[in-house]
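S.K.: What would the 3D arrangement of this be:
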Amino acid sequence: MKINSKIKSIKAREILDSRGNPTVEVELWTEKGVFFGSAPAGASVGKYEAVELRDGGKRYRGKGVKLAIKNIQKIIAPKLIGRDPRFQKDLDQFLISLDGTRQKSRLGVNAILPLSIAICRAGAAAHKTPLWKYILKLFLVRPPKKIKLPIPCFNIINGGALPETNLIYRNL
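M.R.: Residues are numbered from 1 along each chain as shown. Have a look, this model is predicted:
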């Protein structure tokens, strides 16, 4: 059985994350459908973390992401059209090398990450596999027979800058 899946088009747009900050959303089209990826900004940023490209200026207090969107539309998308999303590792490596900097400061992690997420979702669909199983197969040579997935449990009533997150594991 031949699996046919090629990236047909890529669109990028500015959306607002849960804190009301602009971030990038990618819409990636293949023969299998449309797949989305977005990369909300973290609250803290360390000196070794990948760099988000922000527009500066007055719009959204300088946090706009039109520069990252332009990088997707003008630089990245033309090089991804026609590629097969089933080759996640190769495409991620391609995006990293296309940027060419250690901290993704040329194209911006907010351009690269949502593309990687959308590619991963498209790859899972091409394989007719649930996303979590597809990711497991991508990164483990021998996936375990019995799998435990975390079940998120959120505490949002206490307040503070960020809600606490706990994980409960359940056998599948």
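S.K.: CA only for contacts and neighbour counts going forward, please
M.R.: Noted.
S.K.: what is Ile10 paired to in the beta sheet?
M.R.: Leu28 (DSSP bridges).
S.K.: Just confirm it contacts Gly33, I think it does.
M.R.: No. Contact criterion Cα atoms under 8 Å: Ile10 and Gly33 do not qualify, at 12.0 Å.
S.K.: check contacts around Glu49.
M.R.: Gln103 (Cα atoms under 8 Å, 6 or more residues apart in numbering).
S.K.: Please tell me how far it sits from Ala41.
M.R.: 12 Å (Cα to Cα, to the nearest Å).
S.K.: again with Pro144
M.R.: Using Cα to Cα, which is the criterion applied here, Pro144 is 33 Å from Ala41.
S.K.: Which one's more surrounded, these two?
M.R.: When Pro144 and Ala41 are compared for neighbours, Ala41 comes out ahead with 17 against 9, by other Cα atoms under 10 Å.
S.K.: Where do the strands of this protein begin and end?
M.R.: Taking DSSP state E as the criterion, the chain contains strands spanning 7-16, 22-30, 33-38, 148-155, 164-171.
S.K.: Would you format the ones you listed as a markdown table with mean pLDDT included?
M.R.: Below are those laid out as a markdown table (pLDDT from 0 to 100):
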| stretch | mean pLDDT |
| --- | --- |
| strand 7-16 | 96 |
| strand 22-30 | 96 |
| strand 33-38 | 96 |
| strand 148-155 | 73 |
| strand 164-171 | 46 |
